[in-house]
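Chemist: Here is the input, now give the coordinates:
(one chain, ligands or ions: 1)
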Amino acid sequence: MQDATFPPVMTCRDHAFYLDLDGTLAEIVARPADAVVTATMRDLITRLVSQTNQSVAVVSGRSLKDIDRLMHPLLLPAAGSHGQELRFPNSFTEAKGGNDIAADAVTKIMEFASLSGLLAETKPGTVALHYRSAPDLEAASRNLIDGIAARDDRYRAIHGKMVSELAQRAFDKGTAIAGFADTAPFRGKVPVMVGDDVTDEDGFHMAQKLGGHGIKIGPGPTAARYRLNSVTGFATWLESILG
Ligand SMILES: [Mg+2]
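Modeler: Residues are numbered from 1 along each chain as shown. Below is the predicted model:
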């Protein structure tokens, strides 16, 4: 794998942008509830939406509800919970992806969280176990989620930054991008996926398979062709492509 390089200037009107939220549009913070999309970033995204003819979608591990709260007053097409929830443009109706996680699995994760003082979050199609407050519980958290996923082939484990999640296997950020790319106004544009974490790799693969590009934010191995160092670096690059 060749190392990712600095992305070139891209013409906004020919491209469709799929943007992760935490670590891409917002700095990562200790408590996910405290994350903020700055006014500067919101302004850049507003201009990007306008200059791409509305071809910007947020593709995040957060729920749609949470994405909308962070992006407010922007209301964008979005994929929530790693592609489990989809909201297409135009109709703005929600086409739901997967079913929710079965109750016994949810209970197991909630019980572990409450015994260990961790935060468990139920979202459409996934349950997330956040261990940022107790990083020494990383292995135990991963093992719990891996164990449940290994016993039920409807599910897969997703290990992100200080979070392990149980998710429906059938949906990921790649399937979300494929769905948007087949829909106006995204259809016919070169897809660009921007993200910082392991679950963004499905998005990088799909964008590049569809003739587009992946842009990885920050360090770490990636399938993405391009890399930017930080959220601020992404903002600077966005400024450079906006007219
Ligand atoms: Mg992220």
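
Chemist: Tell me who's in contact with the closest residue to the ion within the chain.
Modeler: When distances are taken as Cβ to the ion, the chain reaches nearest to the ion at residue 23, 3.7 Å away. Where C-beta positions appear, they are placed from N, C-alpha and C, glycine not excepted. Listed by Cβ atoms under 8 Å, 6 or more residues apart in numbering, the contact set of residue 23 reads 161, 195-197, 217-218, 231.

Chemist: middle-most residue in this protein, spatially?
Modeler: When Cα atoms, centre = their mean is applied to the chain, the residue found nearest the centroid is residue 60 (2.5 Å).

Chemist: Now do the same for that one: its pLDDT.
Modeler: pLDDT, residue 60: 97.

Chemist: I figured it was touching residue 20, is that so?
Modeler: Yes - counting by Cβ atoms under 8 Å, residue 60 does reach residue 20; the two are 5.9 Å apart.

Chemist: host element of the residue in the chain sticking out farthest from the centre?
Modeler: Distance from the C-alpha centroid of the chain, by Cα atoms, centre = their mean, peaks at residue 115 (28.6 Å). Assigned by DSSP states H and E, residue 115 falls within helix 103-116.

Chemist: Just the buried positions in that helix, please.
Modeler: Buried residues in helix 103-116, counted by 16 or more other Cβ atoms under 10 Å: 105-106, 108-110, 112-113, 116.

Chemist: what's that helix packed up against?
Modeler: Here helix 103-116 touches strand 119-123, strand 126-130, helix 138-151, going by 3 or more Cβ pairs under 8 Å, 6 or more residues apart in numbering; DSSP states H and E.

Chemist: mean confidence score for the longest one?
Modeler: Averaged over helix 138-151, pLDDT sits at 97.

Chemist: quick one: the helix or strand just after it to strand 126-130, angle?
Modeler: Using DSSP H and E, the helix or strand that directly follows helix 138-151 along the chain is strand 155-160. Using axes from the mean of the first three to the mean of the last three Cα atoms, to 10 degrees, the direction of strand 155-160 lies 40 degrees away from that of strand 126-130.

Chemist: looking at this, residue 179 is in a strand?
Modeler: No - applying DSSP: H, G, I helix; E, B strand; the rest coil, one finds residue 179 to be helix, outside a strand.

Chemist: and this structure, which residues reach the ion?
Modeler: Applying Cβ under 5 Å from the ion, one finds that the chain approaches the ion through 20, 22-23, 196-197.

Chemist: Extract the CA atoms of stretch 162-175 and return them as CSV.
Modeler: What follows is stretch 162-175 as a C-alpha-only set of coordinates in CSV (Å, rounded to 0.1, in the frame of the first residue of the first chain):
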residue,chain,number,x,y,z
MET,A,162,-12.2,4.6,22.4
VAL,A,163,-15.4,2.9,21.3
SER,A,164,-16.5,-0.7,20.4
GLU,A,165,-19.8,-1.2,18.7
LEU,A,166,-22.1,-4.1,17.8
ALA,A,167,-23.7,-3.3,14.4
GLN,A,168,-25.8,-5.0,11.8
ARG,A,169,-23.5,-6.6,9.3
ALA,A,170,-25.4,-5.7,6.2
PHE,A,171,-24.8,-1.9,6.4
ASP,A,172,-21.7,0.2,6.6
LYS,A,173,-20.4,3.6,5.4
GLY,A,174,-19.6,2.0,2.0
THR,A,175,-23.2,0.8,1.4
